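Undergrad: okay, here's the prediction I keep looking at, along with the sequence it came from:
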Amino acid sequence: MDYKLGFKKMIMKKLKLITLTIACITSFYSCDETEFLTAENINSPDANKFVVDRNTAESTIFGIYSGLQFNGVCGGTAANTFEAMSVTSKAPHYDLNGGTGALNSLTFSSDGGVVLNSFRDLYQLIDRSNVSISSIEVLEPGIIREDIKLTLLGEARFLRALGYFWLVNTYEPGKLPLITEPATTLTSTQDNARNIKTTAEIYAQIEEDLLYAQKYLPYNTGDRTINEEGTEYIVREWTETYKGRATWGAATAYLGKAYLYQGMNDKAVTEFQKIVAGEGSGQYALVDNFGDNSNIDGEWNQESIFEVGFSQQPQVTAGNFGGGEGSTLNETTTRGYLFNWQKGGWGITHSSNFITELFKSDIVDENNPKNYKDGDINNKAPENFAGFSTRCNATIAFTADGAQYYDLDLTPGADVLGWTTSQSRIKKFTNWNLDREPAQAVSEINERLMRLADVYLMYAEALLKDRGDAGVAEAVEYINRVRSRAGVIDLETLFGTDRTYLAGPRNSNAVTNTTLPGVILGTRALNAQNILTHLYNEERILEFAFEGRGITWQDTNRRSDTGDWINFLNDIEYNTNGIVGEFDEAAKKLAANPQAGYFPIPAIEVLGSSSN
């Protein structure tokens with residue numbers, strides 16, 4: 001069986017039950033007759049009555065996984081939403097005032113749109129987790145084997161933690177409600193909305209859930225033994241049919257990430273170390289082909305730690321484009337149609353000038369066989385040399401890059417990618433290996449949320465922040481693993497080289513058409529601070545552009561110098577089209593408010609949380 005479709009079909013089959021139950025609960029507590037709600041109603045929906053065995057318990061778990069496909073989470077247009085706020089994406093020049101342009105400029109409306117959709121969908125994901133946890137916890141002994149029960153609870157708590165992690169890194173800090181119980185009455189719903197907690201308190205819940213998940217979830221490969229109150233259980237790895245469900249590795253990676261984002265660097269080191277050299281060593285490995293991290297053939301590969309599965313089965317049908325569950329857009333994404341132009345796409349989002357120039361400045365290793373079409377480093381013929389890094393060729397396309405992009409010929413002197421903001425296009429997670437995108441405006445390529453390369457680079461970051469220069473040697477080792485796979489020179493060579501960091505000249509901002517030299521980076525000491533700067537300014541952007549529900553956006557927001565960084569990029573006159581002020585509006589907003597990169601809490605939620 002195709003395990004992608006196997007897991008997908010299993011979700012959809014069992015989801016019908018949990019969706020019906022949750023819909024009933026929602027309609028029940030949306031009633032405004034509080035007197036009625038306080039009385040016992042024998043006909044009211046109760047998840048504890050719905051979950052009676054393993055089959056129904058598992059249905060609630062699959063209902064949570066389905067929530068990952070919501071348009072405000074990872075499905076539909078989510079990939080465009082969270083990438084458009086980062087430094088990698090720009091609206092096309094012919095639609096600067098459209099939706100992507102508003103996100104580029106960090107212009108968010110608290111009255112609706114993506115701000116409300118994401119908030120609503122993430123809390124629906126959390127509510128499904130709460131329903132699942134509360135119903136499975138109260139099952140009588142013997143109904144489900146104890147080890148299976150613990151694993152199911154581990155999945156639910158992992159997914160709840162993921163929802164809260166996204167919330168706390170998407171919305172204004174310190175203004176989110178913490179909800180860990182399902183709401184069954186209007187009163188409890190209102191009470192939940194008023195339970196506003198600090199960022200630290202939200203993170204405490206995330207950590208608690210991830211520690212629980214880490215204890216009971218299976219390994220990616222091989223069996224593990226757990227001890228629960230003196231009884232040992234063997235937890236089996238997921239079968240091929242269920243590949244894609246949460247694992248020990250996913251819980252551990254996100255726990256390390258949660259610690260890192262809070263500045264708990266010693267704890268982050270401990271968790272990441274479990275994956276790279278400890279308990280989970282050998283569970284994961286970098287795939288040789290970088291492109292396999294964003295295509296169909298490479299789904300759930302050895303590098304992938306957690307991803308969201310999408311499918312075109314069943315197909316999207318007319319009249320339900322982007323809504324609900326089942327045969328809808330939520331089982332797919334629109335990434336390929338938003339990111340490409342002319343080849344079956346709408347061209348709503350283009351790669352920025354910044355990311356285009358950054359890829360062009362990434363120095364390719366001439367001694368790495370993967371940079372030669374025939375693998376022979378002695379064959380220096382120009383037509384045999386790739387010219388740009390493997391991650392560049394799998395992430396963006398631009399004129400004369402020599403790589404495939406649909407049915408265009410991008411060898412020097414052939415087809416030209418004009419009429420775009422940066423004269424480049426986004427390739428990652430699109431079907432660029434075809435002549436054009438399929439006629440139906442959806443994509444079934446899975447969203448990769450966490451992969452080993454991210455763990456390597458976060459581990460390096462945590463080491464450098466925790467140990468300073470004493471952590472340099474080990475940090476460089478893991479950074480170089482990522483760079484070698486990308487086909488670029490190692491960090492030691494890079495830091496010992498004078499080079500142009502960005503090809504464009506600096507804008508003088510004084511005299512029209514007068515420019516300063518490009519951004520030049522001289523040789524640098526291989527110390528902790530310089531390597532951290534490199535990770536933020538180059539490595540993580542090049543590796544994770546356009547993926548992971550806005551990894552580059554999260555990285556930008558968590559910088560201590562976000563406003564200065566965006567202003568610096570905004571002051572570059574990029575070679576392509578002589579663009580100046582690419583991030584002008586975002587720079588202005590961040591100068592006025594350092595937290596401008598976060599969504600505001602939706603107005604309707606603020607009203608609800610403050611009402612009596």
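TA: Sure, I can see it. Numbering: from 1, shown residues only.

Undergrad: please count neighbours and contacts with C-alpha atoms only from this point.
TA: Will do.

Undergrad: give the contact list for E137.
TA: Applying Cα atoms under 8 Å, 6 or more residues apart in numbering to E137 gives the contacts L153.

Undergrad: that one and T180, how far apart?
TA: For E137, the distance to T180 under the criterion Cα to Cα, to the nearest Å works out to 13 Å.

Undergrad: tell me which residues touch the spatially most central residue of the chain, please.
TA: In the chain, the centroid-proximal residue (Cα atoms, centre = their mean) is G548; its distance is 1.8 Å. Taking Cα under 8 Å, 6+ apart, we find G548 in contact with E447, R448, L449, M450.

Undergrad: with T399 instead?
TA: Applying Cα under 8 Å, 6+ apart to T399 gives the contacts L410, T411, P412, D415, V416, L417, Q423, S424.

Undergrad: what residue ranges in the chain score low on pLDDT?
TA: Applying pLDDT under 70 to the chain picks out residues 1-48, 93-94, 185-188, 312-331, 418-421, 440-441, 503-517, 575-580, 607-612.

Undergrad: can you tell me the closest non-neighbouring residue to Y216?
TA: On the basis of Cα to Cα, 6 or more residues apart in numbering, the spatially nearest residue to Y216 that is not a chain neighbour turns out to be T151, at 5.3 Å.

Undergrad: repeat that for K49.
TA: Leaving out its chain neighbours, K49 is closest to S135 (Cα to Cα, 6+ apart), at 8.0 Å.

Undergrad: now swap in W341 and tell me
TA: Residue nearest to W341 in three dimensions, not counting chain neighbours: G347, with 4.2 Å by Cα to Cα, 6+ apart.

Undergrad: wait, that neighbour sits on T334?
TA: No: taking contact to mean Cα atoms under 8 Å, the distance of 11.4 Å between G347 and T334 leaves them out of contact.

Undergrad: and which of the contacts of T399 is nearest to F398?
TA: The shortest approach to F398 among the contacts of T399 belongs to S424, at 4.3 Å (Cα to Cα).

Undergrad: ok, what's across the strand from the closest one?
TA: Here S424 sits in beta bridges with F398, going by DSSP bridges.

Undergrad: check contacts around it.
TA: Taking Cα under 8 Å, 6+ apart, one finds H350, S351, T356, I396, A397, F398, T399, L417, G418 in contact with S424.

Undergrad: what's around the residue lying closest to G375 once chain neighbours are set aside, how many residues?
TA: On the basis of Cα to Cα, 6+ apart, the spatially nearest residue to G375 that is not a chain neighbour turns out to be P369, at 4.6 Å. Burial of P369 is recorded as 15 neighbouring residues (other Cα atoms under 10 Å).

Undergrad: next one: P182
TA: Number of residues near P182 (other Cα under 10 Å) recorded here: 21.

Undergrad: and the contacts of the host helix or strand of A462?
TA: Using DSSP states H and E, the element containing A462 is helix 452-467. Under the contact criterion Cα under 8 Å, 6+ apart, helix 452-467 has outside partners 253, 257, 260, 265-266, 268-269, 272-273, 276, 284-286, 303-305, 470-472, 474-476, 478-479, 482, 528-529, 532, 535, 540.

Undergrad: can you say which of these are buried?
TA: Burial of these was assessed by neighbour count (16 or more other Cα atoms under 10 Å); the buried members are 253, 257, 260, 265-266, 268-269, 272-273, 276, 284-286, 303-305, 471-472, 475-476, 478-479, 482, 528, 532, 535, 540.

Undergrad: which ones among these lie within strands?
TA: Members of those lying in strands (criterion: DSSP state E): S304, I305.

Undergrad: for the nearest residue to V416 once chain neighbours are set aside, give its distance to L417.
TA: The shortest distance from V416 to any non-neighbouring residue, by Cα to Cα, 6+ apart, is to T399 (5.1 Å). Noted for T399: a distance of 5 Å to L417, by Cα to Cα.

Undergrad: kindly report the same for R194.
TA: With Cα to Cα as the criterion, R194 and L417 are 51 Å apart.

Undergrad: give me the more crowded residue out of these two.
TA: In terms of neighbours (other Cα under 10 Å), R194 is the more surrounded of R194 and L417; the figures are 21 against 16.

Undergrad: list phi and psi for that one.
TA: With angles defined as degrees, to the nearest 10, R194 shows backbone torsions of phi -90, psi -10.

Undergrad: didn't it look like it was pressed against K175?
TA: No: with contact defined as Cα under 8 Å, R194 does not reach K175; the gap is 9.9 Å.

Undergrad: burial of E181, as a residue count?
TA: The criterion is other Cα under 10 Å. On that basis, E181 has 18 neighbouring residues.

Undergrad: tell me who's in contact with it.
TA: For E181, the set of contacting residues under the criterion of Cα under 8 Å, 6+ apart consists of D127, N130, V131, S134.

Undergrad: buried residues in stretch 221-237?
TA: Burial within stretch 221-237, assessed by neighbour count using 16+ other Cα under 10 Å, is assigned to T221, I226, V235, R236, E237.

Undergrad: mind picking the one among those residues that's closest to G72?
TA: Taking Cα to Cα as the measure, G72 lies nearest E237 of these, at 30.3 Å.

Undergrad: quick one: which helix or strand includes the closest one?
TA: With the criterion set as DSSP H and E, no secondary-structure element contains E237; it sits in neither a helix nor a strand.

Undergrad: just to revisit the earlier point, more neighbours: G347 and T334, which one.
TA: Here G347 and T334 are compared on neighbour count by other Cα under 10 Å; more neighbours surround T334, at 25 against 21.

Undergrad: excluding covalently adjacent residues, which one is nearest to the more buried one?
TA: Leaving aside its sequence neighbours, T334 sits nearest to V442 (Cα to Cα, 6+ apart; 4.9 Å).

Undergrad: verify the contact between that neighbour and L338 for me.
TA: No: when contacts are counted by Cα under 8 Å, V442 is not listed as touching L338 (9.9 Å).

Undergrad: sorry, back to before: now the residue nearest to K49: which helix or strand?
TA: Under the assignment given by DSSP H and E, the secondary-structure element containing S135 is helix 113-137.

Undergrad: any buried residues in that helix, and which?
TA: Counting neighbours by 16+ other Cα under 10 Å, one finds that the buried residues in helix 113-137 are 114-136.
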